[in-house]
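In: 3D model of this:
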Amino acid sequence: MSVRRGVALVVTVIMLACLVSVTGMLILYLLFTREPAVPSRAMLVIRIGGDLADGGPNDGVALFGGDRRQTVRRIVENLQKARRDSRITGVLLRPAGLQTPYWAKLQEIRDALVEFRKSGKPATALLEYGGQQEYFVATGCSRVFLVPSSPLDLCGLAMYEVFLRGTFDRIGAVPDMVHIGDYKTATNLYTQKGFTPAHREMDASLTADLYGQLVEAIAQSRKKTAEDVRALLDQGPFLPEQALHAGLVDDLAYEDQVEARLKLGQREGRIELDDYARVSGSALGLGTRPRIAVLYASGLLVSGRSGYDPMSGAVTGSDTLIESIGRIRDDASIRAVVLRIDSPGGSSVASDVIWRELVVARDRKRSRPLVASMSDLAASGGYYIAVAAPTIVAEPGTLTGSIGIYSGKFVIGETLAKLGVTNDSVSEGRNAEMTSPFKAFTSEQRAKLQQQVQVFYEQFVEKVAQSRRLTADRVDALGQGRVWTGLQARKLGLVDELGGLDRAIAIAKQAAKIPANADVEIVSYPPRRSLFDVIAGQFLSAQQSHTLAALAGDRSMAVLAAPALVFRSGEPLALMPGRWR
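Out: Numbers count the residues shown, from 1 in each chain. Okay, the predicted model is just below:
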């Protein structure tokens, strides 16, 4: 009898624990999904910082139905919503600690702020620290305040490249590489000790163009000439009073002083972006709308499934993207498709199979319009998949092009020997050990590899030529691995229009015969990964990264060379080199 009572007690405790857990999760779900109350007169507060994600579903998982990630798309969509919401009287922007080395996402947010102001509502920026990128975004606002103790770090643009050849020589590692194009500089990281003439020319061109875009944005915002802004930037960075005197900011003030001027807490309230994002479109009278799919290709392009690598960041797998293209193709409610690319490229094979699936979807009977939209990066393999779209849209600061390819391996036998590690092998077939990390390529093997990358480069050029209505010779001249800004690419015919995702959606609407003033529902693909997929992906990627760190013997080298382990050994890569600013 006592045993039965004990069992009953345990079962009761377990049932109560389950009930409490379910009740707790239900309460959390209701708290996170319930729409917040928006004051009748409210200031929308937008805080941005860190390394901004583009907005694709693979950036993470949502818990309790609430997506609280800070993405460009989330910021832009809520600015659009606030523009139409009579309860929102203005925007207070608080940029701090931006860590992106690129400019296109910042341009998209800035453009959205400028568009918001066309509603007649003010947008005000408060800079706790006047960093260059924070200031650039702030120039999209009608007024810019700087904290009295903060400098304004405007002093121009610099592009840095790291070269590891000297380190490899010291440890006895040999980067055995081949590439197509004088400007395909991804291998220079491993094979050079400094700029080649072509490498320097390309980076100087990119820096000058991006600097010109920064100058123009400041000039327009602060009502100055470009010449005046260039002269000012040569005097930077600025002390707070100097920035005010130069007319680069409107006033020096702390947060409470700015809030007092905006009358927050008196006649008007405030609502944070995280809360306002949970206000549904139905609250603004948005009902059933035509649907447009946005297909995100973010990060390195690889064969297999999408995931996340701690060293390399987001990874888009060809299998995952192809599945999503199939779902879009089978969904009759989708009226148009926008391919959103934020990728430096990656596997040449993965890029090609993604391109093929997009072309098949584009050309099939009862197809939907396809438009490509470029974010920070759409280079090499990223540009390869973009040319599947008849129309390509890029931000002026997008880095694109890099039409080229490379392949190779690291020969580390001498490195391991210094650690007392020896190796031996048996093989059948003359080239069985072609991808061996212990032997350099023979002349015959190098010729075969060179032929392989040459054939893919010619295919790459031909696809671009057909898509962009250019001759192969012209594409080859623009290619050779050279990276262009979106502004340069537009002038060269590699992209069609300048703008962000909204401009691409507007073009897709027009092609799908959706009225320009009609609201649309955006359906994002691929679908959000499960928590299990995220954890499994992190574990597998961590294993690869730890192996790389062990081989390199130095974490900084592991970070720089991390993409090498994401791809298959010996795989030709259509990948843009990394850059630091």
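
In: pick out the residue closest to the middle of this protein.
Out: Asp342 (4.1 Å; C-alpha atoms, centre = their mean).

In: so that residue is in which element?
Out: If you go by DSSP states H and E, Asp342 is part of strand 334-343.

In: and the residue nearest to Gly413 when sequence neighbours are not counted, what pLDDT?
Out: Among residues not flanking Gly413 along the chain, Phe438 sits closest, at 4.0 Å (C-beta to C-beta, 6 or more residues apart in numbering). Using the backbone N, CA and C atoms, a C-beta is placed for each residue, glycine as well. You'll see Phe438 listed with a pLDDT of 90.

In: pretty sure Phe438 contacts Ile412?
Out: Yes - Phe438 is in contact with Ile412 according to C-beta atoms under 8 Å; the separation is 7.2 Å.

In: can you pick out the residue with more neighbours from those two?
Out: Neighbours per residue, other C-beta atoms under 10 Å: of Phe438 and Ile412, the larger number sits with Ile412, 19 against 15.

In: mind jotting down where the strands sit in the stretch 51-200 of the chain?
Out: Ranges of strands within the stretch 51-200 of the chain are 88-98, 123-127, 143-146, 174-180, based on DSSP state E, counting those that start in this stretch.

In: any idea which of the ones you listed gets closest to Asp319?
Out: With C-beta to C-beta as the measure, strand 174-180 is the member of the strands of the stretch 51-200 of the chain nearest Asp319 (27.1 Å).

In: which other residues reach the closest one?
Out: 165, 168, 186-187, 190-191, 404-412, 414, 440-441, 446, 449-450, 453-454, 457, 480-481 (C-beta atoms under 8 Å, 6 or more residues apart in numbering).

In: from those, which land in helices?
Out: Residues of these located in helices (DSSP state H): Arg165, Phe168, Tyr190, Thr191, Glu414, Arg446, Leu449, Gln450, Val453, Gln454, Tyr457.

In: can I get the buried part of those residues as one PyMOL selection?
Out: Command for PyMOL that selects the buried part of these, burial taken from 16 or more other C-beta atoms under 10 Å:
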select buried, resi 165+168+190+191+449+453+457
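
In: and the pLDDT for Met557?
Out: Residue-level pLDDT assigned to Met557 equals 43.

In: picking that back up, tell me the contacts of the residue nearest to Gly413?
Out: Val411, Ile412, Gly413, Asn423, Ser425.

In: weed out the non-buried ones from those residues.
Out: Using 16+ other C-beta under 10 Å, the buried ones in the contacts of Phe438 are Val411, Ile412, Gly413.

In: all helices of the stretch 451-581 of the chain, in order?
Out: Secondary structure of the stretch 451-581 of the chain, counting by DSSP state H, counting those that start in this stretch: helices at 472-478, 486-492, 501-511, 531-552, 555-561, 563-566.

In: actually the stretch 101-250 of the chain, not the one I wrote
Out: 104-117, 132-138, 165-171, 188-191, 197-222, 226-233, 240-245.

In: columns mean pLDDT and distance to Gly493 on top of the ones you listed, output as CSV?
Out: Shown next, in CSV, are those (pLDDT from 0 to 100; distance: least, C-beta to C-beta, whole Å):
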stretch, mean pLDDT, distance to Gly493
helix 104-117, 97, 19
helix 132-138, 97, 28
helix 165-171, 93, 36
helix 188-191, 92, 27
helix 197-222, 96, 16
helix 226-233, 97, 26
helix 240-245, 97, 40
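
In: so which of the ones you listed gets nearest Tyr308?
Out: helix 104-117 (18.5 Å).

In: which strands and helices sit next to the closest one?
Out: helix 72-84, strand 88-98, strand 123-127, helix 132-138, strand 370-379 (3 or more C-beta pairs under 8 Å, 6 or more residues apart in numbering; DSSP states H and E).

In: return the most buried member of the ones you listed.
Out: strand 370-379 (a mean of 29; mean count of other C-beta atoms under 10 Å).

In: quick one: buried residues of the helix or strand just after that one?
Out: Sequence-wise, the next helix or strand downstream of strand 370-379 (DSSP H and E) is helix 381-386. Within helix 381-386, the residues that count as buried by 16+ other C-beta under 10 Å are Gly381, Gly382, Tyr383, Tyr384, Ile385, Ala386.

In: now, which of these sits nearest Leu295?
Out: Ile385 (10.0 Å).

In: you'd agree that closest one is up against Leu295?
Out: No - counting by C-beta under 8 Å, Ile385 does not reach Leu295; the two are 10.0 Å apart.

In: how is this protein divided into domains?
Out: Using automatic domain parsing, the domains assigned to the chain come out as 42-155+236-283, 288-421+434-573.

In: and these as CSV, adding distance to Thr12?
Out: What follows is the domains of the chain, written out as CSV (distance: least, C-beta to C-beta, whole Å):
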stretch, distance to Thr12
domain 42-155+236-283, 28
domain 288-421+434-573, 30
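
In: so which of these gets nearest Gly181?
Out: domain 288-421+434-573 (3.3 Å).

In: from the chain's centre, how far out does that closest one sit?
Out: Centroid separation between domain 288-421+434-573 and its chain, computed with C-alpha atoms, centre = their mean, to the nearest Å, is 11 Å.

In: low-confidence stretches in the chain?
Out: 1-11, 13, 17-35, 56-69, 265-267, 281-287, 528-570, 577-581 (pLDDT under 70).

In: quick check: buried residues in stretch 159-168?
Out: Glu161, Phe163, Leu164, Arg165, Thr167, Phe168.

In: ugh, wrong one, I meant stretch 485-502
Out: 485-490, 492, 494-502.

In: go on, stretch 459-472?
Out: Buried positions in stretch 459-472, judged by neighbour count with 16+ other C-beta under 10 Å: Phe460, Val461, Lys463, Val464, Ala465, Ser467, Arg468, Leu470.

In: any idea how far the fourth one lies from Leu470?
Out: Using C-beta to C-beta, to the nearest Å, one obtains 7 Å as the distance from Val464 to Leu470.

In: now for Gly317: which residues touch it?
Out: By C-beta under 8 Å, 6+ apart, the neighbours of Gly317 are Val302, Ser303, Gly304, Arg305, Ser306, Gly307, Ala350.

In: out of the contacts of Phe438, who's nearest Val144?
Out: Using C-beta to C-beta, the contacts of Phe438 come closest to Val144 at Ile412, 52.0 Å.

In: OK, contacts around the closest one?
Out: Here Ile412 is in contact with Gly172, Ala173, Val174, Pro437, Phe438, Leu551 (C-beta under 8 Å, 6+ apart).

In: ok, Leu98 touching Gly49?
Out: Yes - Leu98 lies in contact with Gly49 (C-beta under 8 Å); the separation is 5.8 Å.

In: any residues in contact with both of these two?
Out: Joint contacts of Leu98 and Gly49 (C-beta under 8 Å, 6+ apart) do not exist.

In: between the helices and strands packed on helix 104-117, which one is nearest to Ile218?
Out: That would be helix 132-138 among these, by C-beta to C-beta, at 7.7 Å.

In: same for the closest one, what does it pack against?
Out: So helix 132-138, by 3+ C-beta pairs under 8 Å, 6+ apart, packs with strand 88-98, helix 104-117, strand 123-127, helix 197-222.

In: CA-only coordinates of that helix in CSV, if you can.
Out: Coordinates of each C-alpha in helix 132-138 appear next as CSV, following Å, rounded to 0.1, in the frame of the first residue of the first chain:
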residue,chain,number,x,y,z
GLN,A,132,31.7,57.3,-39.0
GLN,A,133,29.1,54.7,-39.8
GLU,A,134,26.8,55.8,-37.0
TYR,A,135,27.0,59.4,-38.4
PHE,A,136,26.3,58.2,-41.9
VAL,A,137,23.0,56.6,-40.9
ALA,A,138,22.2,59.6,-38.7
